[in-house]
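[1] when you get a sec, could you give me coordinates for this:
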Amino acid sequence: MKKPVPEDSGSARIDEKSKQPGDWRGKALAQIRALIKQADPDVVEEVKWRKPSNPAGIPVWYHDGIICTGETHSRHLRLTFAKGASIKDSQGVFNAGFEGKVWRAVVIREGDKVDAAAFKDLIRAAVALNLESQNKGKPKPRSGKTGRGGSHD
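    As a prediction, the model looks like this:
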């Protein structure tokens, strides 16, 4: 049985955020969120960057680093992948942000259909990139040598 989600958790805030527009954008955000959770059951959800002009903030999905953010704009929903430029997108899901050196985005407008399988592949690729980046920063295990020309005696 799943544990209840605390009201102040990122997941509860994203629940609320997906209800706020009250139109196709909220439904699209809920659909995208479900795809993200299907692609990565260990994803962590938060809401960040809350301010007076956007008191509900921006949903952010993490797994050993940011996977993507979900920004609701007046005419579209924008999913910005923090390391999108480094992700192989063989199915052409990215449709914005090509001018960026690091990020890429998926912009969804009313009536757009999202290729669920391709989007989930993109999420999995972003998670794999984050995991790879985490492992690069870790020191390699040392062998039996001290590295100083001496021995362990």
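[2] how about the strands in this protein?
    Using DSSP state E, the strands of the chain run over residues 44-48, 58-62, 66-72, 76-81, 104-109.
[3] mean neighbour count added to those, as JSON lines?
    All C-beta spots, glycine's among them, are computed from the backbone N, C-alpha and C. Listed next are the strands of the chain as JSON lines, based on neighbours: other Cβ atoms under 10 Å:
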{"stretch": "strand 44-48", "mean neighbour count": "16"}
{"stretch": "strand 58-62", "mean neighbour count": "22"}
{"stretch": "strand 66-72", "mean neighbour count": "22"}
{"stretch": "strand 76-81", "mean neighbour count": "22"}
{"stretch": "strand 104-109", "mean neighbour count": "20"}
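[4] biggest helix in the protein by residues?
    Longest helix of the chain, by residue count under DSSP state H: helix 116-136.
[5] so for that helix, what gets flagged as buried?
    For helix 116-136, burial by neighbour count (16 or more other Cβ atoms under 10 Å) applies to Phe119, Lys120, Asp121, Leu122, Ile123, Ala125, Ala126, Val127, Leu129, Asn130.
[6] low-confidence ranges in this structure?
    Low-confidence segments of the chain, defined by pLDDT under 70: 1-22, 137-153.
[7] before we move on, back to that, how far away from the center of its chain is the longest helix of the chain?
    Per Cα atoms, centre = their mean, to the nearest Å, the displacement of helix 116-136 from the mean C-alpha position of its chain is 9 Å.
[8] residues touching it, excluding its own?
    Residues from elsewhere that reach helix 116-136, judged by Cβ atoms under 8 Å, 6 or more residues apart in numbering: 32, 35-36, 38-40, 43, 63-68, 81-84, 86-89, 91-94, 106.
[9] and those residues, which of them are buried?
    Neighbour counting with 16+ other Cβ under 10 Å marks 32, 35-36, 39-40, 43, 63-64, 66-68, 81-84, 86-87, 89, 93-94, 106 as buried within the contacts of helix 116-136.
[10] if I look at Gln91, how far off is Lys136?
    Remark: distance between Gln91 and Lys136 (Cβ to Cβ, to the nearest Å) = 26 Å.
[11] Lys51: how many residues sit nearby?
    Using other Cβ atoms under 10 Å, the number of residues around Lys51 comes to 8.
[12] ok, now Ser53?
    For Ser53, using other Cβ under 10 Å, the count is 5.
[13] can you put the buried residues of helix 116-136 in a markdown table and add distance to Leu77?
    Compiled in a markdown table, the buried residues of helix 116-136 are given as follows (distance: Cβ to Cβ, whole Å):
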| residue | distance to Leu77 |
| --- | --- |
| Phe119 | 12 |
| Lys120 | 17 |
| Asp121 | 19 |
| Leu122 | 15 |
| Ile123 | 15 |
| Ala125 | 20 |
| Ala126 | 17 |
| Val127 | 21 |
| Leu129 | 23 |
| Asn130 | 22 |
